[in-house]
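# predicted model and sequence follow; I will ask about them next.
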Amino acid sequence: MAHKDPICGMTVDGHSANKADRDGQTYYFCSVYCKNKFLSTPIKSTAVISSYICPMHPSIESSHPGDCPKCGMSLEAKTFSDSDHEFQEQKAWAIKFWAGLILTIPIVLLALKDMNPSLRADSFFPSRLTPWVELILSTAVVWGVGKIFFVKAWQSIVNRSLNMFTLIALGVGASYGYSASAVLFPFIFPDSVQTAGKIHLYFEAASVIIVLVILGQWLEAKARGRTQRAVKALLGLAAKNAHRISSGVEEEVAIEMIQKGDLLRVRPGEKIPVDGVVMEGESSVDESMISGEPMPIVKIVGERVIGSTMNQAGTFVMRAEKVGAETLLAQIVRMVSDAQRSRAPVQNLVGIIAGYFVPAVVFISLMTFIFWFKFGPQPQLAYAVVNAISVLIIACPCALGLATPMSIMLGVGRGAQDGILIRSAEAIEKAEKVTHVLIDKTGTLTEGKPKVTVAITSTGFTESSLISLAASLEQNSEHPLARAVVEYGKQKNTKLEVVSNFKSISGAGVQGTVSGHEVFIGKQNLIEASRVSIPDDLKKKAMSLEDEAVTVIWVVLERQVVGLLGISDSIKQTTPDAIRALHARGLKIVMLTGDNRQTADAVARPLGIDEVYAQLSPEHKQEIVRKFKSGGAVVLLAGDGINDAPALALADVGVAMGTGTDVAIESAGIVLVKGDLNGIVKALHLSRAVMQNIRQNLFFAFVYNVLGISVAAGVLYPFFGLLLSPIIAGAAMSFSSVSVIGNALRLSWVRISN
């Protein structure tokens, strides 16, 4: 059997000795060169998406992209892939939008000329040609770029699930059909529907509706594409290569080639390739991307290390235990992807209304036709057709279509003025109903950076000498606590002395010679192991500080304790006021942290936080969100780290600090630029204002439609002899849109501060 070489493309015999197994498949090569090149090159993910599902109706599943037969929404990929399907969809909508806009602009200009004779444009464009030009251009818009909406509407009828697209097709079809008939067959219309011998046309209404709906679909496709960026950002965190030790020989290989049991060497400053166990050496590892906590963790022989975390000081050899999809990072990717798919999209109020409104309008239009055809004056057929179409025209979904997007657009702009970046309409809708606020500790409640908060000296020493010794020695260390000490020295304008014989004692501290004097800095166990006596009064103060979640390091000069420095992750100044404001709204505040219980309680106690969950992994955080949601709570989660991404994606409302990681920001629906919890309070105020505005807009649109449809159907004719001509129907339709826009504009100056 013949096979194709994946490197050079040459056809090779299936019995070739140059073959290799990878990712569960067997590949054949023409030479050893191609085989080795293939094995040393990472395979780009080309996984085929096996199925697509509807985010609104998960029971709808298809083997290929398309539309949901129930709601008309585009189906989303069930599993992540490097496929550019989302990009292609966005590109297709963009092309449709710009094509429709270019064709619609002259239609609108011609319609304005026709409605306002004072413009006197006949000199450069004859009025007799205007209807025909509008017909040609509108046909291109409605049946060209807008054809997809009629397909969606037909599917909704076939599947007996009327939706927003049914309403759009109904309104656009009525406007276009009436206007096209007036141009092609003007003799069938009675004199009562003519003005100065002309029949009013609605090509501009049909075209504008199509363009606006396409714009909405384009923005929706871009929003769906953003959810994939969070997963791509996570994948970008993975190590690309590793140093594998085989038979005593070290070689650099692609991460995909690592197998369970391989020995890997990890040097300072490198990412740990995969999950495993330390076999030789020791080092401090920055696991903040997983735990969210700023303090590095010392790893010695026998302790586990996590792939993609950063090795800091030492070199060690590890044994690979979890590779590929088994690693913690891969699990986080899967959790984020699953959570994003599990969230239902914003419940479109227009779609819900359309389910009832569409059949009602069709029924009223049909009854209007029957009534006028049977009981109306001559010519009965003409009156029946005109009045039935007037009902459909005034029911055109301009105002209904603008009600939600106008409020959302202006609400998003208002939030941006206060540093609140709203990434989805769903976040605005659900924020109004939030009952529980879950907050990550590090970087959200606290600054996220270790800082020296207290300096206590022994008898006979000054604070300046304590800081000078500590900052001088620590300037040679890369440890986060060392950087905090050096930064504190700079704030105090401390002169840094020359250091020699510097040595780092992994997991315990540092030592060296400062200006000719031997200096130790480290934890209490290092000091006591060196048989240095610690004064009892300082011991008591140290214990008190540790009870308040402060890390204590000791400074020893020539075997005498100079004093201690307390290092902690300080609570943000704005946090207490924000917590009080959230409590005032009747919300329950819950802290989530990967830190230990003692530190968590020390932060939560003074803030009055209702519940505390400590020592959490990313999966545990997601489980807690799921638990609250299953209990009926509407959950807002605020975080800033990679470890928060799965929970942010699953929460009803995910809020990321703008100072946090890209992954957290991509997973959230709201981003606070200033990283200030007061932004949550403002976002909740804004959500309430926007949703209230949307309900007002829908009320305006619905009332206009109800009154207009009644008059268009002829309910006033028996009493006053009044009929609603298509011209007045169009004017009423336009006025309802103006009212909606005017009401939405009020959001531009709504007050959202505390």
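Arrived safely, thanks for sending.

# what about residue 297, distance to residue 317?
Distance from residue 297 to residue 317, counting by C-beta to C-beta, to the nearest Å: 18 Å. Bear in mind the C-beta positions are built from the backbone N, C-alpha and C, glycine included.

# quick one: residue 372 from residue 527, how far?
99 Å.

# residue 431 too?
The spacing between residue 431 and residue 527, counted by C-beta to C-beta, is 51 Å.

# same question, residue 187
Relative to residue 527, residue 187 is positioned 105 Å away (C-beta to C-beta).

# need the strands for the stretch 451-600 of the chain, in chain order.
Secondary structure of the stretch 451-600 of the chain by DSSP state E, counting those that start in this stretch: the strands cover 499-505, 509-514, 517-522, 551-557, 560-571, 588-592.

# now the second one against strand 499-505, angle please.
I take that to be strand 509-514. Using axes from the mean of the first three to the mean of the last three C-alpha atoms, to 10 degrees, the direction of strand 509-514 lies 170 degrees away from that of strand 499-505.

# may I see the buried residues of the longest helix seen in the chain?
Longest helix in the chain, counting residues (DSSP state H): helix 678-713. Neighbour-count burial for helix 678-713, counted by 16 or more other C-beta atoms under 10 Å, picks out 678-691, 693-694, 696-698, 700-702, 704-705, 708-709, 711-713.

# list the buried residues of the helix or strand that comes right after it.
Scanning forward in sequence from helix 678-713 by DSSP states H and E, the next helix or strand is helix 717-720. Of the residues in helix 717-720, residue 717 count as buried by neighbour count, 16+ other C-beta under 10 Å.

# same question for stretch 516-527.
Neighbour-count burial for stretch 516-527 flags 519, 520, 521, 522, 523, 524, 526, 527 (criterion: 16+ other C-beta under 10 Å).

# and the end-to-end length of that stretch?
Across stretch 516-527, the terminal residues are separated by 20 Å (C-alpha to C-alpha, to the nearest Å).

# mind starting the numbering at 16 from now?
Renumbered: residue one is now 16, and that last one reads stretch 531-542.

# now do it: distance to the chain's middle.
Here stretch 531-542 is found 47 Å from its chain centre; the criterion is C-alpha atoms, centre = their mean, to the nearest Å.

# as a whole number, average confidence for it?
Summarised as a single mean, pLDDT over stretch 531-542 is 83.

# so what touches that stretch?
Residues from elsewhere that reach stretch 531-542 (C-beta atoms under 8 Å, 6 or more residues apart in numbering): 484-485, 487-489, 500, 520, 523-528, 545, 547, 549, 557, 567-574, 576.

# quick check: ChimeraX command selecting the buried ones in those residues.
Buried residues within the contacts of stretch 531-542, by 16+ other C-beta under 10 Å, are selected in ChimeraX with:
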select :484,485,487,488,489,500,523,524,525,526,527,549,557,567,568,569,570,571,572,576
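
# give me every residue that touches the closest residue to residue 592 other than its chain neighbours.
When the adjacent residues along the chain are set aside, residue 592 lies closest to residue 693, with 6.8 Å between them (C-beta to C-beta, 6 or more residues apart in numbering). By C-beta under 8 Å, 6+ apart, the residues touching residue 693 are 589, 592, 593, 596, 769.

# hang on, isn't the fourth one packed against residue 697?
No. With contact defined as C-beta atoms under 8 Å, residue 596 does not count as touching residue 697 (9.5 Å).

# doesn't residue 176 fall inside a strand?
No. With DSSP: H, G, I helix; E, B strand; the rest coil as the criterion, residue 176 is located in coil rather than a strand.

# mind checking how far it is from residue 379?
Using C-beta to C-beta, residue 176 is found at 21 Å from residue 379.

# swap in residue 518?
88 Å.

# of the two, which one has the most company?
The neighbour count for residue 518 versus residue 379, taken as other C-beta atoms under 10 Å, is higher for residue 379 (18 against 9).

# wait, isn't the more buried one in contact with residue 724?
Yes. Here residue 379 reaches residue 724: they are 5.9 Å apart, a contact under C-beta under 8 Å.

# now list whatever residues contact both of these two.
Counting by C-beta under 8 Å, 6+ apart, the common neighbours of residue 379 and residue 724 are residue 406.

# residue contacts, residue 285?
254, 325, 326.

# most neighbours, which of these?
residue 326 (22 neighbours).

# what are the phi and psi values at that one?
Torsion angles at residue 326 (phi, psi; degrees, to the nearest 10) stand at phi -80, psi 140.

# which strand residues bridge the residue nearest to it when sequence neighbours are not counted?
Leaving aside its sequence neighbours, residue 326 sits nearest to residue 281 (C-beta to C-beta, 6+ apart; 4.9 Å). Residue 281 forms beta bridges with residue 331, as assigned by DSSP bridges.

# burial count for residue 281?
By other C-beta under 10 Å, the residues close to residue 281 number 26.

# no further queries at this time; thank you.
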